[in-house]
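> Let's see this in three dimensions:
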Amino acid sequence: MTESDLGVFAEAIAEIAVEAGKAILEIYQQDFEVTQKEDESPLTQADLASHRIICDALAHLTPDIPVLSEESSDIDWDARADWQQYWLVDPLDGTKEFINRNGEFTVNIALIRYHSPVLGVVHVPVSGVTYTGLVGKWASKHGQDGMMNHISIRKPCANPPVVVGSRSHANPRLSGFLSKIGKYELVSMGSSLKFCLLAEGKADFYPRLGPTSEWDTAAAHAVVLAAGGRIITLNGKPLRYNMKKSLLNPEFLVIADTDRDWLGLFEDY
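Numbering: from 1, shown residues only. A predicted model of the protein is given here:
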């Protein structure tokens, strides 16, 4: 797949995400069973239905590119260590939000190339909104009405800055670091929508001091990068993918205005 192909694939991937979202909504509107995976995280029929739709579509679209999905993540490190590019999928990001029926869940599909996202689609089934990021090119937001708008991060950041936090994974120790900012506005939200708030210029900073997996972040990571933002670990280096046996991310910061020293808040961490 060449660089010129990515723009064409962006539209196709968005369509796949929308189809998966429709399947999720069908289950969302019914009574559904919740089971637990081995790690005790919740699993629903919607996770599995979305997974099947996406993986089947990707296998048809790009049969030579491997797929790593949350629901088929038991691929040996020896098998994936040499992957130069692959699809990284979270069929239903925010399963807890899905179960709580607050609408804050997404479908995430990313193309990873040489350990970094180059294309990402985040679809929000309840609102019908789709965020797409083609890194180095453009980021966009499609509404349910079909209207497309290019999006970008807010720079300089708001005063006071808007900080995004997780709705389902509150982190008390974070408040100590954020107190160094001074006055700020905190917005709580589920799933990869937190990243998208920064990408479309509605928030300024999202510090994640808790566990996430690579499929949780990859698609929205691409959207943030394409919109002009940055995602770094607490050692100041870019967040990267498929670099180790574990698929857990290190803690990281999502930054809109890169001229501000957000990392400095955590220098004593």
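
> Only C-alpha atoms from now on, for both contacts and neighbour counts.
OK.

> Point out where the stretch 51-200 of the chain drops to low pLDDT.
Low-confidence segments of the stretch 51-200 of the chain (pLDDT under 70): 167-171.

> give me that answer again for 80
Within the stretch 51-200 of the chain, the ranges that satisfy pLDDT under 80 run 166-176.

> so where do the strands sit in it?
For the stretch 51-200 of the chain, the strands defined by DSSP state E, counting those that start in this stretch occupy 67-69, 85-93, 106-113, 116-124, 129-134, 138-142, 148-150, 162-166, 185-189.

> In TSV: the ones you listed, plus distance to residue 42.
Converted to TSV, these look like this (distance: least, CA to CA, whole Å):
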stretch	distance to residue 42
strand 67-69	16
strand 85-93	11
strand 106-113	15
strand 116-124	19
strand 129-134	25
strand 138-142	29
strand 148-150	34
strand 162-166	17
strand 185-189	18
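
> between the ones you listed, which one is nearest to residue 223?
Closest to residue 223 of the strands of the stretch 51-200 of the chain is strand 129-134 (CA to CA; 3.9 Å).

> Run the chain-centre distance for that closest one.
11 Å (CA atoms, centre = their mean, to the nearest Å).

> Would you mind giving me the confidence score for the spatially closest residue to residue 76 that is not a sequence neighbour?
For residue 76, ignoring the flanking residues on the chain, the nearest one in space by CA to CA, 6 or more residues apart in numbering is residue 245 at 8.0 Å. Confidence at residue 245, expressed as pLDDT, is 96.

> quick revisit: could the strands of the stretch 51-200 of the chain be laid out in TSV, adding distance to residue 265 and mean neighbour count?
Shown next, in TSV, are the strands of the stretch 51-200 of the chain (distance: least, CA to CA, whole Å; neighbours: other CA atoms under 10 Å):
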stretch	distance to residue 265	mean neighbour count
strand 67-69	34	21
strand 85-93	28	26
strand 106-113	30	28
strand 116-124	25	29
strand 129-134	28	26
strand 138-142	28	21
strand 148-150	31	14
strand 162-166	13	21
strand 185-189	16	15
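
> buried residues in the longest helix along the chain?
In the chain, with assignment by DSSP state H, the single longest helix is helix 3-28. By 16 or more other CA atoms under 10 Å, the buried positions in helix 3-28 come out as 6, 9-10, 13-24, 27-28.

> same question, stretch 229-236
In stretch 229-236, counting by 16+ other CA under 10 Å, buried: 229, 230, 231, 232, 233, 234.

> my guess is the first one meets residue 258, correct?
Yes - with contact defined as CA atoms under 8 Å, residue 229 and residue 258 form a contacting pair (7.1 Å).

> Just give the closest residue to residue 27, not the sequence neighbours.
Spatial nearest neighbour of residue 27, excluding adjacent residues (CA to CA, 6+ apart): residue 46 at 6.0 Å.

> right, and that neighbour touches residue 23 too?
Yes - using CA under 8 Å, residue 46 is in contact with residue 23, at 7.0 Å.

> Now do the shared contacts for residue 229 and residue 258.
Counting by CA atoms under 8 Å, 6 or more residues apart in numbering, residue 229 and residue 258 have no common neighbour.

> quick revisit: wait, a helix at the residue nearest to residue 27?
Yes - per DSSP: H, G, I helix; E, B strand; the rest coil, residue 46 lies within a helix segment.

> wait, what's in contact with it?
By CA under 8 Å, 6+ apart, the residues touching residue 46 are 23, 24, 27, 28, 92.

> For stretch 71-87, which residues meet the burial criterion?
Counting neighbours by 16+ other CA under 10 Å, stretch 71-87 gives 71, 80, 85, 86, 87 as buried.

> mind listing what residue 201 touches?
151, 152, 153, 154, 256.

> Good, we can wrap up now.
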